[in-house]
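Colleague: Everything below, folded, please.
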Amino acid sequence: MYVVMSILGGGGTVRILLRGVPVADLVPIEAGSISSRSAAQSLADLERRSILRRGSGSAWGERLERGPSLRGHSVIEDIREEREGGW
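Modeller: This is a model prediction of the structure:
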């Protein structure tokens, strides 16, 4: 998701494929095209219609910082050590 947001934040477009067939394009919103109040109203409407459920926002940062762990160790570090040590 971070990569997608980075592409969109840079002004790029992301094409969504379903079994190799294009089904949608994600495009960035142009600056000034939507006010913060109308965005809040749109989100509230989607939430009311059970199309969207907003999160608390507190867990996302932790997910980006930490990798998976195995027995208290970072899986990424275990893989790096294995690669450096050979088979």
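Colleague: Check which residues of the longest helix seen in the chain are buried.
Modeller: Determined from DSSP state H, the single longest helix within the chain is helix 36-48. For helix 36-48, the neighbour count (16 or more other CB atoms under 10 Å) marks no residue as buried. Just so you know, the C-beta spots here come from the backbone N, C-alpha and C atoms, and that holds for glycine as well.
Colleague: Which elements pack onto it?
Modeller: Using 3 or more CB pairs under 8 Å, 6 or more residues apart in numbering; DSSP states H and E, no helix or strand is in contact with helix 36-48.
Colleague: How many neighbouring residues does Ala13 have?
Modeller: You called it Ala, but residue 13 is Thr. Using other CB atoms under 10 Å, Thr13 has 10 other residues around it.
Colleague: For it, give its distance to Val3.
Modeller: Distance, Thr13 to Val3, by CB to CB, to the nearest Å: 13 Å.
Colleague: now swap in Glu84 and tell me
Modeller: Glu84 sits at a distance of 27 Å from Val3 (criterion: CB to CB).
Colleague: same deal with Pro22?
Modeller: 18 Å.
Colleague: Could you list everything the residue nearest to Val23 when sequence neighbours are not counted pairs with in the sheet?
Modeller: Closest residue to Val23 in three dimensions, ignoring its sequence neighbours and counting by CB to CB, 6 or more residues apart in numbering: Ile16, at 5.5 Å. Beta-bridge partners for Ile16, by DSSP bridges, are Ala24.
Colleague: show me the contacts for Ile16.
Modeller: Contacts for Ile16 (CB atoms under 8 Å, 6 or more residues apart in numbering) come out as 22-26.
Colleague: From the residues you listed, list the buried ones, please.
Modeller: Among those, none scores as buried (criterion: 16+ other CB under 10 Å).
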